[in-house]
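Please work out how this folds:
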Amino acid sequence: MNKIRQTALYAILFSLLTIPLTAQEQPDSPRVIGLFDVPRLVLSNSLAERQRQLDLRSSRIGIQNQVFEYFPSLDLQYNADLGDIFRSQNGQNTHRLSLSSTWQVLSAGDRWLDQKIRRLDYQDHVLEAQDASQNEINTALFLYLTCLKNKLDYESSLSNESISKVEYEYVVARKAQGRASELDILNAQAEMDNAAYNTASSSLTYQLSLLKLGWRLRVGPVELPQDPFREMKTTAPIDISSSTVSSSLSNLIAFRRQEITRQQLKTEEIKSFKQRFIPSVNAGMNMDWYNSSGVVDKKTALTSRASHSLYGTLFFSVSMPLFERNSLLNVWHGYKLLLESQELELQQTRENAEASLLEAVQNYDNELLLLPVAERKLESSRLNYESMSESYKLGVGSLLDLTQASQKFRESQESLTSLKVDLLLLRAEIGYLLGDTMKYLR
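Numbering: from 1, shown residues only. Predicted coordinates for the structure are as follows:
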């Protein structure tokens with residue numbers, strides 16, 4: 001009886017210990033991510049994007065306060081000396097109030113040009129942040145399309161594994177009828193095992209790509225929609241005229257940043273010219289009030305002496321470098337040469353961008369022409385495989401013919417899958433070259 005009670009007690013304890021294990025929260029279910037969710041998730045969850053926005057806000061503060069630099073400087077100073085307050089005699093109090101102001105009427109560097117350069121720096125900072133955000137989105141989009149390709153490869157491997165199992169069953173059935181040899185069984189078994197290995201390998205590759213995508217988007221486990229192509233444009237033609245190319249390239253971040261650099265160099269050139277030929281002019285004023293009193297005897301508060309004074313001065317100064325004029329001239333010529341170099345670099349960048357864009361469009365057109373051919377190839381290989389399967393079941397066809405037909409069918413599937421993904425990648429590349437990666441995917 002005691003043994004029964006002990007066993008029952010152990011059973012109750014075991015059940016109590018296992019309750020928390022079964023009641024634990026299940027892992028979060030994967031979040032379905034569509035292609036057009038990627039940019040929004042990148043911009044909302046990226047720590048680098050938040051840091052860029054904070055840097056821009058910090059830079060904007062200095063730009064917004066530029067108007068105060070035109071005000072003259074104004075300094076107010078007050079000094080008090082209470083004298084020897086611990087002695088009964090010869091104490092002296094002194095009070096002094098000073099007000100000074102200085103205004104740069106015309107400086108050699110010209111404050112307006114300095115502020116323009118800082119404003120251009122801020123604009124360049126904004127474009128740099130936009131470019132970094134766009135590159136981060138492009139990286140995430142590439143990961144998404146990689147996941148899509150791995151998903152299609154996995155589905156194709158599953159289909160191939162199913163076909164291999166059916167072929168193996170055909171061979172087993174014919175072996176039972178005495179119409180297949182043991183070697184046929186071994187060959188069919190090898191094909192089925194190879195298909196199973198490819199399925200497992202493609203599944204691991206797909207899961208790893210999903211893990212990378214979820215980490216990049218900072219959303220945890222993710223999965224792709226059942227029909228990811230439903231929301232995408234994959235086969236629509238892309239018509240890009242020369243005028244479209246010219247206007248689109250002008251709006252690219254790279255060209256806008258180069259244009260800002262050109263404006264900066266032009267401003268620096270003007271600034272160096274003014275530093276050499278235009279003097280620096282300053283004007284200002286000083287006002288000073290002075291009060292001094294002396295006490296002989298603190299008990300009787302007898303004042304022996306007191307003085308008050310108030311005076312003011314105005315000043316005006318003009319300065320111009322004499323010995324540095326040749327070096328300033330060299331700086332001026334240096335900026336002129338840099339400006340010419342920047343013009344050539346801008347032209348070269350435009351030509352390279354146009355060449356890359358035209359090449360991408362041509363590649364897309366070529367791949368698009370192959371799409372109907374690949375679809376017809378898949379359909380014909382499918383019909384051929386089904387025909388060979390029926391022939392083999394009826395004992396008319398050979399195992400070699402069935403294996404070859406199956407291989408051609410699988411190759412056609414893989415070719416069509418790869419072609420669809422390549423079309424998506426090319427559409428994304430063309431959009432990226434025109435400044436909007438999603439432009440031709442919507």
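
count of neighbours near the nearest residue to residue 313 once chain neighbours are set aside?
Spatial nearest neighbour of residue 313, chain neighbours left out: residue 286 (4.7 Å); criterion: Cβ to Cβ, 6 or more residues apart in numbering. C-beta here means a position set from N, CA and C on the backbone, and glycine is covered the same way. Counted with other Cβ atoms under 10 Å, the neighbours of residue 286 add up to 15.

Okay, and the beta partners of residue 286?
residue 100, residue 313 (DSSP bridges).

I figured it was touching residue 77, is that so?
No: counting by Cβ atoms under 8 Å, residue 77 is not a contact partner of residue 286; they are 10.7 Å apart.

Show me the strands in the stretch 151-300 of the chain, by range?
With DSSP state E, counting those that start in this stretch, the ranges of strands along the stretch 151-300 of the chain come out as 222-223, 280-297.

Please apply the same query to the stretch 1-150 of the chain.
31-32, 73-81, 89-106.

returning to that earlier point: mean pLDDT lowest for which of the strands of the stretch 151-300 of the chain?
Among those, strand 280-297 has the lowest mean pLDDT, at a mean of 65.

now the strand or helix carrying residue 386, how far from the centre of its chain.
For residue 386, the host element (DSSP states H and E) is helix 325-393. Relative to its chain's centre, helix 325-393 lies at 21 Å (Cα atoms, centre = their mean, to the nearest Å).

Same question for stretch 38-47.
9 Å.

Outside of that stretch itself, list whatever touches it.
33, 49, 133, 136-137, 140-141, 144, 216-219, 438 (Cβ atoms under 8 Å, 6 or more residues apart in numbering).

Can I get it in PDB, CA atoms only?
Coordinates of each C-alpha in stretch 38-47 appear next as PDB, following Å, rounded to 0.1, in the frame of the first residue of the first chain:
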ATOM      1  CA  VAL A  38      10.300  46.100 -46.800                       C
ATOM      2  CA  PRO A  39      11.000  49.900 -47.200                       C
ATOM      3  CA  ARG A  40       8.600  50.800 -44.400                       C
ATOM      4  CA  LEU A  41      10.100  48.300 -42.000                       C
ATOM      5  CA  VAL A  42      13.600  49.300 -42.800                       C
ATOM      6  CA  LEU A  43      13.000  53.000 -42.200                       C
ATOM      7  CA  SER A  44      10.900  52.400 -39.000                       C
ATOM      8  CA  ASN A  45      13.200  49.800 -37.300                       C
ATOM      9  CA  SER A  46      16.700  50.700 -38.400                       C
ATOM     10  CA  LEU A  47      18.900  52.000 -35.700                       C
END
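
So for that stretch, what gets flagged as buried?
38-39, 41-42, 46 (16 or more other Cβ atoms under 10 Å).

for stretch 111-129, same thing?
Those would be 113, 115-117, 119-120, 122-127, 129, for stretch 111-129 by 16+ other Cβ under 10 Å.

just the helices in this structure please.
2-23, 38-45, 47-64, 111-176, 182-217, 242-250, 253-277, 325-393, 399-433 (DSSP state H).

so which of those helices gets nearest residue 96?
helix 111-176 (32.5 Å; Cβ to Cβ).

so how far is that closest one from its chain's centroid?
14 Å.

Over to stretch 252-269?
22 Å.

Excluding its own residues, what touches it? List them.
113, 116-117, 120-121, 123-124, 127-128, 130-131, 134, 249, 332, 335-336, 338-339, 342-343, 345-346, 349-350, 353, 434-435.

The nearest residue to residue 389 once chain neighbours are set aside: how many residues sit nearby?
Excluding its sequence neighbours, the residue lying closest to residue 389 (Cβ to Cβ, 6+ apart) is residue 402, at 6.5 Å. Residues within reach of residue 402, counting by other Cβ under 10 Å, total 21.

Hmm, residue 402 is touching residue 166, no?
No: between residue 402 and residue 166 there is no contact under Cβ under 8 Å: 10.1 Å.

Need the overlap of contacts for those two.
By Cβ under 8 Å, 6+ apart, residue 402 and residue 166 have these common neighbours: residue 389.

that older thread, run the angle between the helix holding residue 386 and helix 253-277 for me.
Relative orientation of helix 325-393 and helix 253-277, computed by axes from the mean of the first three to the mean of the last three Cα atoms, to 10 degrees: 180 degrees.

just checking, what packs against helix 325-393?
With contacts defined as 3 or more Cβ pairs under 8 Å, 6 or more residues apart in numbering; DSSP states H and E, helix 325-393 has these neighbours: helix 111-176, helix 242-250, helix 253-277, helix 399-433.

JSON lines for those, including distance to residue 378 and mean pLDDT?
Shown next, in JSON lines, are the helices and strands packed on helix 325-393 (distance: least, Cβ to Cβ, whole Å; pLDDT from 0 to 100):
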{"stretch": "helix 111-176", "distance to residue 378": "11", "mean pLDDT": "86"}
{"stretch": "helix 242-250", "distance to residue 378": "34", "mean pLDDT": "65"}
{"stretch": "helix 253-277", "distance to residue 378": "41", "mean pLDDT": "75"}
{"stretch": "helix 399-433", "distance to residue 378": "4", "mean pLDDT": "85"}
